[in-house]
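# Whatever this is, show me its structure:
(one chain, ligands or ions: 1)
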Amino acid sequence: MALSVLWMESPLTRNSGRSFMSEKPVYVTTPIYYVNDAPHLGSAYTTIAADVLARFGRLQNRETFFLTGTDEHGEKLANRAKELGEETQAMVDRFAKVFHDSWKEIGISFDDFIRTTEERHREIVLHLMNKAIAHGDVYLGDYVDWYCVSDETFWTEGQLQGGKCPSCGREVKKLVEKNYFFKISKYTEKLLKHIEANPDFILPASKRNEVVAMLKEGVRDISASRTSFTWGIPFPQGPEAGQDRHVIYVWFDALVNYVSALDPLGKPERFKRLWPQATHLIGKDILKFHAIFWPCFLMSVDLPLPKRIFAHGWWTVEGQKMSKSLGNTVDPVQMSRTYGKDALRLFMFREFPMGSDGDFSMANFKARVNADLANNLGNLVSRTLNLISKNLDGRWKAPTHSAPGTEDVWESARQASSSITGPANAEETSMERFEYFNILQSTFSFVTSLNKYFDTKAPWTLAKDPSKKQELTEVLSSVAEGIRVAACMLWPFLPDTCDEISRRLGVKTPLSLRELGYGNLLRPGGAGAEERVITMGQPLFPRIQ
Ligand code: ME8
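Okay, the predicted model is just below:
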């Protein structure tokens with residue numbers, strides 16, 4: 001049976017003309033990180049997850065924009081500069097460079113890196129705040145309650161836990177300050193309706209439920225300015241402010257980065273295309289800001305809401321909260337220097353679904369990398385290429401029929417690709433819902449089934465019998481084609497490894513992905529059946545001791 005026939009009825013084929021090859025742009029953002037320190041496991045997790053989606057969007061030939069950056073204003077950073085004895089601007093410049101360069105080093109493919117101290121950002125923050133003021137949504141008042149400087153968050157007495165910040169557990173301070181307030185309560189009813197009408201606006205569902213509960217309980221108006229320090233964008237204040245110098249509250253400054261980076265005034269067409277597709281990937285710690293404050297502010301300034309807010313879970317390290325004082329922070333740059341960029345990328349999404357919390361332990365990391373990359377994928381590549389080199393003159397062609405005994409292999413390939421596409425009637429792929437855990441699980445099951453087929457057929461034995469040459473060719477080319485397909489599926493997660501695998505197989509990638517389209521390439525035989533010449537190399541992943 002021709003492979004094209006075998007695949008004709010697969011969900012992949014059914015989807016490929018419609019949602020799987022969606023033409024909609026991908027606009028994915030990370031939180032902009034506070035520049036008080038270097039990146040750690042947590043910020044790397046969000047940033048790598050966004051990178052996976054961006055790479056997937058580009059593979060599908062969709063217009064893709066991936067934004068990250070740094071949050072550089074506010075009381076926390078002003079205090080940190082004092083603590084370090086540095087000029088605040090010099091400190092934020094220094095740490096912003098650390099973030100920028102760290103992301104570059106670990107292979108983050110961002111399209112833009114925005115800093116909130118940039119003029120292009122300030123201009124849009126003022127523009128939008130003026131709009132909210134013009135709409136009558138801002139008023140002057142007194143804030144008399146609690147504040148957590150570390151989280152830059154206002155708390156009521158009742159929300160504190162044991163007198164401490166309910167989010168980070170740190171000391172809070174009593175704040176008595178003149179502030180401008182934003183009339184968030186004017187928009188909460190409309191937001192609730194939006195969430196009800198768009199159940200995938202906030203994911204996972206547990207986080208949506210939390211937001212709905214918060215909204216139903218009632219949200220008090222929030223400060224839009226601060227007056228007890230000056231490190232921020234000056235508030236466009238009216239005469240009633242008197243002697244106070246207001247700066248825009250850091251969250252109203254920071255959230256606007258998702259809009260300002262698109263240059264809405266300078267490039268309105270691109271803004272109109274990309275903005276409604278915005279996917280904000282965040283940690284669960286900043287859900288309220290993104291899922292309540294930000295949408296209400298957007299409503300006030302007449303901008304559409306983003307497509308999605310996905311709040312992922314929290315990493316602990318060796319069972320404990322990550323902290324400098326415990327000395328258990330994991331440095332993603334160091335990890336990637338020691339074990340390669342892809343090892344960390346795999347571990348992060350292979351252990352637990354993105355909405356759950358997880359624990360980083362060196363023992364689990366090593367076990368996972370050894371099992372999936374050294375033993376399963378790496379070993380398969382090296383065994384296959386060795387035999388092709390020794391017995392087939394280093395050449396192979398994708399099989400034009402499904403060889404006997406490969407049924408399970410192609411069935412698991414089909415399941416893996418439908419784990420990427422999602423259900424046949426879905427509007428979008430599972431990738432866009434951050435179902436990375438399931439996708440990796442089924443893709444590695446596919447790799448396992450290739451290894452099983454290889455072991456069952458024992459091509460090293462076939463190689464000893466000249467009369468079995470045709471069967472040997474069939475087995476090795478089926479496995480080589482399977483590896484090619486797996487490398488396409490895994491590319492967003494393991495780009496360096498999959499580029500290297502494709503190079504060794506003699507397959508053009510990712511150029512060919514762009515030429516042929518991702519959907520085709522995930523099909524056995526989908527990249528054509530021309531002859532490929534392999535290249536041998538060192539083990540892809542030496543076992544970690
Ligand atoms: O909140 N596990 O910046 P931030 C998982 N500037 N993710 C973690 C994590 C952990 N242990 N620790 C941090 C801010 N993160 C604001 C954002 S956006 C307009 C402004 C990740 O430097 C996670 O994404 O404190 C979390 O939301 C983010 O870092 C907080 O980064």
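
# going forward, measure contacts between C-alpha atoms and count neighbours the same way
OK.

# In contact with the closest residue in space to A487 that isn't next to it in sequence, which residues?
Excluding the flanking residues, the one nearest A487 by Cα to Cα, 6 or more residues apart in numbering is C498, at 4.9 Å. Neighbouring residues of C498 by Cα atoms under 8 Å, 6 or more residues apart in numbering: 487-488, 490-491.

# Show me what from the chain comes close to the ligand.
Taking Cα under 6 Å from any ligand atom as the contact definition, the chain meets the ligand at 31-34, 42-43, 46, 71, 254-255, 282-283, 285-286, 313-316.

# In helices, which of these fall?
Applying DSSP state H to these, the entries found in helices are 42-43, 46, 254.

# Burial check on S323, number of neighbours?
Around S323 there are 12 other residues, counting by other Cα atoms under 10 Å.

# isn't it right up against T329?
Yes: using Cα atoms under 8 Å, S323 makes contact with T329 at a distance of 5.9 Å.

# Can you tell me which helix or strand of this structure has the lowest average pLDDT?
Within the chain, no helix or strand scores below helix 11-16, which has a mean of 38 by mean pLDDT, DSSP states H and E.

# Need the residues that contact stretch 226-236.
Applying Cα under 8 Å, 6+ apart, the set of residues contacting stretch 226-236 is 73-75, 78, 122, 126, 129-130, 177-180, 225, 244-250, 253.

# right, I mislabeled it, should have said stretch 70-87
Residues from elsewhere that reach stretch 70-87, judged by Cα under 8 Å, 6+ apart: 32-36, 88, 91-92, 96, 99, 113-117, 149-150, 152, 229, 231-233, 249-250, 254.

# Excluding sequence neighbours, find me the nearest residue to N391.
Spatial nearest neighbour of N391, chain neighbours left out: A463 (6.9 Å); criterion: Cα to Cα, 6+ apart.

# Next up, the contacts around the one you found.
In this structure, A463 makes contact with 391, 469, 472, judged by Cα under 8 Å, 6+ apart.

# what about burial for the contacts of stretch 226-236, which qualify?
Buried subset of the contacts of stretch 226-236 (neighbour count, 16 or more other Cα atoms under 10 Å): 73-75, 78, 122, 126, 129-130, 177-180, 225, 245-250, 253.

# Test for you: state the pLDDT assigned to the residue of the stretch 151-300 of the chain found nearest the ligand.
Residue of the stretch 151-300 of the chain nearest the ligand, by Cα to the nearest ligand atom: G283 (3.3 Å). On the pLDDT scale, G283 is placed at 97.

# Now do the contacts for it.
Contacts for G283 (Cα under 8 Å, 6+ apart) come out as 46, 311-314.

# Quickly list what it is bridged to.
Under DSSP bridges, the beta-bridge partners of G283 are H312.

# How about the secondary structure of C168?
coil (DSSP: H, G, I helix; E, B strand; the rest coil).

# The closest residue to it other than its chain neighbours and P332, how far apart?
Counting by Cα to Cα, 6+ apart, C168 lies nearest to D151, which is 7.3 Å off, once chain neighbours are set aside. D151 is 23 Å from P332, where distance means Cα to Cα, to the nearest Å.

# So between those two, which is more surrounded?
Set side by side, D151 and P332 show more neighbours around P332, with 24 against 16, by other Cα under 10 Å.

# Can you report how many residues lie near the closest residue to the ligand within the stretch 51-200 of the chain?
Using Cα to the nearest ligand atom, the closest approach of the stretch 51-200 of the chain to the ligand is made by D71 at 4.9 Å. By other Cα under 10 Å, 24 other residues sit near D71.

# now it, which residues is it bridged with?
D71 has these beta-bridge partners by DSSP bridges: Y34.

# Looks to me like P492 is in a helix.
No: according to three-state DSSP, the state of P492 is coil, so it is not within a helix.

# so it sits right up against G57, yeah?
No: assessed by Cα under 8 Å, P492 is found out of contact with G57, at 9.1 Å.

# In terms of neighbours, single out the busier of these two.
Remark: of P492 and G57, G57 carries more neighbours, 27 against 23, as counted by other Cα under 10 Å.

# Identify the residues contacting the more buried one.
G57 sits next to 25-26, 63-64 when contact means Cα under 8 Å, 6+ apart.

# one more time with 10 Å, if that's ok
Shown in contact with G57 (Cα atoms under 10 Å, 6 or more residues apart in numbering): 21-28, 51, 63-66, 431-432, 492, 518.

# so the residue nearest to A487 sits in a strand?
No: according to three-state DSSP, the state of C498 is helix, so it is not within a strand.

# Quickly note the distance from it to the ligand.
Relative to the ligand, C498 is positioned 26 Å away (Cα to the nearest ligand atom, to the nearest Å).

# swap in K469?
52 Å.

# Next: D342.
Look at D342 and the ligand: by Cα to the nearest ligand atom, they are 18 Å apart.

# That residue contacts T497, correct?
Yes: counting by Cα atoms under 10 Å, D342 touches T497, with 7.0 Å between them.

# overlap in contacts of those two?
373, 541.

# From the contacts of stretch 226-236, which land in strands?
Using DSSP state E, the subset of the contacts of stretch 226-236 located in strands is 177-180, 225, 247-248.

# sorry, back to before: put together CSV for the contacts of G283, with pLDDT and neighbour count on each row.
Output for the contacts of G283, formatted as CSV (pLDDT from 0 to 100; neighbours: other Cα atoms under 10 Å):
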residue, pLDDT, neighbour count
T46, 98, 21
A311, 98, 27
H312, 98, 24
G313, 96, 21
W314, 95, 17
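
# Tell me the one among those residues nearest to F454.
Using Cα to Cα, T46 comes nearest to F454 of those, at 36.7 Å.

# my read: that closest one touches L67, true?
No: with contact defined as Cα under 10 Å, T46 and L67 do not form a contacting pair (11.8 Å).

# shared neighbours, those two?
Among the neighbours of T46, those also in contact with L67 (Cα under 10 Å, 6+ apart) are 29-31.

# Identify the residue spatially nearest to G537, adjacent ones excluded.
Nearest non-adjacent residue to G537, counting by Cα to Cα, 6+ apart: R504, 7.5 Å away.

# Give the closest residue to K321 in space, chain neighbours not counted.
K321's closest residue in space is W315 (Cα to Cα, 6+ apart), at 7.7 Å.

# which of the residues in stretch 299-312 are buried?
Result for stretch 299-312 [16+ other Cα under 10 Å]: buried residues 299-301, 305-312.

# same question but for stretch 339-348, I mixed them up
Residues of stretch 339-348 classed as buried: 340-348 (neighbour count, 16+ other Cα under 10 Å).

# do the same with stretch 389-397
Within stretch 389-397, the residues that count as buried by 16+ other Cα under 10 Å are 389, 391-392, 394-397.

# again with stretch 139-156
For stretch 139-156, the neighbour count (16+ other Cα under 10 Å) marks 140, 143, 146-151, 153-155 as buried.

# Please apply the same query to stretch 28-47.
By neighbour count on 16+ other Cα under 10 Å, the buried set for stretch 28-47 is 28-36, 38-47.

# cool, stretch 99-108 as well?
For stretch 99-108, a neighbour-count test (16+ other Cα under 10 Å) marks 99-100, 102-103, 106-108 as buried.

# and the residues you listed as JSON lines, adding secondary structure and pLDDT?
Shown next, in JSON lines, are the buried residues of stretch 99-108 (DSSP: H, G, I helix; E, B strand; the rest coil; pLDDT from 0 to 100):
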{"residue": "F99", "secondary structure": "helix", "pLDDT": "98"}
{"residue": "H100", "secondary structure": "helix", "pLDDT": "98"}
{"residue": "S102", "secondary structure": "helix", "pLDDT": "98"}
{"residue": "W103", "secondary structure": "helix", "pLDDT": "98"}
{"residue": "I106", "secondary structure": "coil", "pLDDT": "98"}
{"residue": "G107", "secondary structure": "coil", "pLDDT": "97"}
{"residue": "I108", "secondary structure": "coil", "pLDDT": "98"}
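
# how about the strands in the stretch 201-350 of the chain?
All strands of the stretch 201-350 of the chain, identified by DSSP state E, counting those that start in this stretch, fall at 202-203, 222-223, 225-226, 247-248, 278-283, 308-312, 315-317.
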